[in-house]
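K.L.:
one predicted model, sequence on top.
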Amino acid sequence: AQSVTQLDSQVPVFEEAPVELRCNYSSSVSVYLFWYVQYPNQGLQLLLKYLSGSTLVKGINGFEAEFNKSQTSFHLRKPSVHISDTAEYFCAVSKGGGSYIPTFGRGTSLIVHP
Amino acid sequence: DAGVIQSPRHEVTEMGQEVTLRCKPISGHDYLFWYRQTMMRGLELLIYFNNNVPIDDSGMPEDRFSAKMPNASFSTLKIQPSEPRDSAVYFCASSFGYLHYGYTFGSGTRLTVV
């Protein structure tokens, strides 16, 4: 089974600063990768996903992530964060090439300060 | 579509009581998942269904937990008897076709067992 490591449990940042949330996964021949966002008192919402093709994936709300196969990473970035980006962010990975249940990481809490 | 609908949003019950959580998936979705989220264990997959049939219930923690999906538009997760350690947020999610399309999560049920 795949495993996912989100290296930071909490990332504090000031408004309008750039941010990177880190995600590493266990190696496999091919993988599908996802980032979900969970706002307070809400369910998880799909932010973006990598299935194949370009290693740079753009998602909603100005977020993007880069798939790096050699480093088995899928870090999430945003060049300028807003207060409204304060939320929990989850990385998930599934085995590629078919319909497999994804494994979720423990989450990273992004806290944006004014 | 109104999204994945869960009820109730909050449930407070006494230890030993039966608790039933409800979920209405998005119309047309053929996968349904039940997750539990706690600070200690993160997001755990409890059980999932495909076309109303339970596929994998290996995540169900104990025999006190049971889940049903009598039709494509309704599922229940039951805990009988409930214990304080069952306190968590329970999410229902649904998906259409291939799982790498991503999930749509409900807003969750926050269960407190006192």
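P.N.:
Perfect, I can see it now.
K.L.:
show me what from chain A comes close to chain B.
P.N.:
Contact residues (CB under 8 Å from any CB of the partner chain) of chain A with chain B: A:32, A:34, A:36, A:41-46, A:49, A:51, A:90, A:94, A:96, A:99-102, A:104-107. The way it works is simple: take the backbone N, C-alpha and C, and place the C-beta from them, glycine included.
K.L.:
residues in contact with the residue of chain B found nearest chain A?
P.N.:
Residue nearest to chain A within chain B: residue B:105 (3.2 Å; CB to the nearest CB). Residue B:105 makes contact with A:36, A:43-45, B:4, B:35, B:91-93, according to CB atoms under 8 Å, 6 or more residues apart in numbering or on different chains.
K.L.:
same question, residue B:104
P.N.:
Per CB under 8 Å, 6+ apart, neighbours of residue B:104: A:46, B:3-4, B:26, B:29, B:93-95.
K.L.:
quick one: pLDDT of it?
P.N.:
Note on residue B:104: pLDDT of 92.
K.L.:
what do you get for residue A:56?
P.N.:
96.
K.L.:
how much space between it and residue B:76?
P.N.:
From residue A:56 across to residue B:76, the span is 42 Å (CB to CB, to the nearest Å).
K.L.:
which one of the two has more residues nearby?
P.N.:
Taking neighbours as other CB atoms under 10 Å in any protein chain shown, residue A:56 and residue B:76 compare with residue B:76 leading, 15 against 11.
K.L.:
how near is that one to residue B:106?
P.N.:
Using CB to CB, we find residue B:76 at a distance of 13 Å from residue B:106.
K.L.:
common neighbours of the two, please.
P.N.:
Going by CB under 8 Å, 6+ apart, residues that sit against residue B:76 and also against residue B:106 are residue B:23.
K.L.:
contacts only, for the spatially most central residue of chain B.
P.N.:
Centroid-nearest residue in chain B, with CA atoms, centre = their mean: residue B:34, separated by 3.2 Å. Shown in contact with residue B:34 (CB under 8 Å, 6+ apart): B:23, B:45-48, B:67, B:75, B:77, B:90-92.
K.L.:
what about it, distance to residue B:77?
P.N.:
On the measure of CB to CB, residue B:34 and residue B:77 end up 5 Å apart.
K.L.:
mutual contacts of the two, please.
P.N.:
B:23, B:46-47, B:67, B:90, B:92.
K.L.:
separation between residue A:94 and residue A:14?
P.N.:
34 Å.
K.L.:
between those two, which one's more packed in?
P.N.:
Set side by side, residue A:94 and residue A:14 show more neighbours around residue A:94, with 23 against 10, by other CB under 10 Å.
K.L.:
which helix or strand contains the more buried one?
P.N.:
If you go by DSSP states H and E, residue A:94 is part of strand A:87-95.
K.L.:
after that strand comes which helix or strand?
P.N.:
strand A:103-104.
K.L.:
in its sheet, what does that following strand sit against?
P.N.:
Strand A:103-104 pairs in its sheet with strand A:87-95 (antiparallel), by DSSP bridges.
K.L.:
quick one: average pLDDT of the partner strand?
P.N.:
Over the span of strand A:87-95, the pLDDT mean works out to 93.
K.L.:
contacting residues around residue B:5?
P.N.:
With contacts taken as CB under 8 Å, 6+ apart, residue B:5 has the following neighbours: B:23-24, B:106.
K.L.:
let's see that with 7 Å instead.
P.N.:
By CB atoms under 7 Å, 6 or more residues apart in numbering or on different chains, residue B:5 lies in contact with B:24, B:106.
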